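Engineer: Predicted model and sequence follow; I will ask about them next.
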Amino acid sequence: MPRNSYFQFKQFRIVQERSAMKVGMDGVLLGAWANTSGADRILDIGTGTGLIALMLAQKNALAEIEAIEIDRDAFEEAAFNVQQSEWSSRIKMFCQSFQEFAAETENKYDLIVSNPPFFSNGVKAPDGTRAQARHADALPLDVLISGAAKLLNENGRIALVLPVEQLSEVENLAKPNSLFLSRLCKVKPNPVKPDFRVLVEMTNRPASLQEEKLMIEFERHHDYTPEYRELTKEFYLKF
């Protein structure tokens, strides 16, 4: 995706001049894939530009949404994006860490979503805010999952987008947190490349696992598959 100062969707615009992490495919995938049906209260952990919170507000016309962002620049930009949308009255922003938020909130959620930082090792980017957004130091996956599990309503669910290599870690973390995998989608960029992302939904009630696969493009760049077009058609202008 081009790294412009803004990204225009069908029903909202994302200004992204200050946020370390711009609009990207991971966030769009999760926002489009997450099941918002019956969710009266939703939590978006690490909202960045506010993209996923706005996508979920578009999908669910009744849900009250809370969105957390630890980086001040990203938080202020997300707050601006929310205020410019038609759903500003239903989205509440918090500038703090998830750990702080989880310790303070008395709310329980029907749906918790996150496009979390996922680089847990290696050389960090020189830009400190970008490094924070991309590295899991501030919010390890085990802390995210255990904290989110405690904030779920009865029959609540958690939806994440992660590198496919982290699927086994998610599976190992589910049981000790009384969670069950309910939906799983492995995503590959095109026919010649391997799976690179996984969309995971977990619930706090036993569930039969629904597994699916998604390919983004055919071999030619920007030649998108019907499945990807169908998933994202309510958001992308080009679809």
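Structural biologist: Done, it's in.
Engineer: Pull up the pairing partners for the lengthiest strand in the chain, direction included.
Structural biologist: If you go by DSSP state E, the chain has its longest strand at strand 152-163. Neighbouring strands of strand 152-163 in its sheet, by DSSP bridges, are strand 109-114 (parallel), strand 197-203 (antiparallel).
Engineer: Quick one: low-confidence residue ranges for this structure.
Structural biologist: For the chain, the stretches with pLDDT under 70 are 1-3, 119-137.
Engineer: and Glu100, how far is that from Leu139?
Structural biologist: Relative to Leu139, Glu100 is positioned 11 Å away (Cβ to Cβ, to the nearest Å). For the C-beta atoms, the positions are set from N, CA and C on the backbone; glycine is no exception.
Engineer: on that earlier part again, gap between the longest strand of the chain and the chain center?
Structural biologist: Chain-centre distance of strand 152-163: 10 Å, with Cα atoms, centre = their mean, to the nearest Å.
Engineer: List the contacts of it.
Structural biologist: 26-27, 29-30, 33-35, 41, 108-116, 118, 141, 145, 148-149, 170, 179, 182-183, 196-205 (Cβ atoms under 8 Å, 6 or more residues apart in numbering).
Engineer: 7 Å - rerun?
Structural biologist: 26, 29-30, 34, 108-116, 118, 148, 170, 182, 196-205 (Cβ atoms under 7 Å, 6 or more residues apart in numbering).
Engineer: Would you list the buried entries among the residues you listed?
Structural biologist: 26, 29-30, 34, 109-116, 118, 148, 170, 182, 197-204 (16 or more other Cβ atoms under 10 Å).
Engineer: hmm, back to that, got the strands paired with strand 152-163 as a markdown table, with distance to Arg72 columns?
Structural biologist: Formatted as a markdown table, those follow (distance: least, Cβ to Cβ, whole Å):
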| stretch | distance to Arg72 |
| --- | --- |
| strand 109-114 | 19 |
| strand 197-203 | 28 |
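Engineer: The residue lying closest to Ser97 once chain neighbours are set aside and Cys95, how far apart?
Structural biologist: Nearest non-adjacent residue to Ser97, counting by Cβ to Cβ, 6 or more residues apart in numbering: Ile70, 4.9 Å away. The spacing between Ile70 and Cys95, counted by Cβ to Cβ, is 7 Å.
Engineer: Look at the two and report which has more neighbours.
Structural biologist: For the pair Ile70 and Cys95, the greater number of neighbours falls to Ile70 (22 against 16), based on other Cβ atoms under 10 Å.
Engineer: Spit out the contact partners of that one.
Structural biologist: Taking Cβ under 7 Å, 6+ apart as the test, what Ile70 contacts is 96-97, 138.
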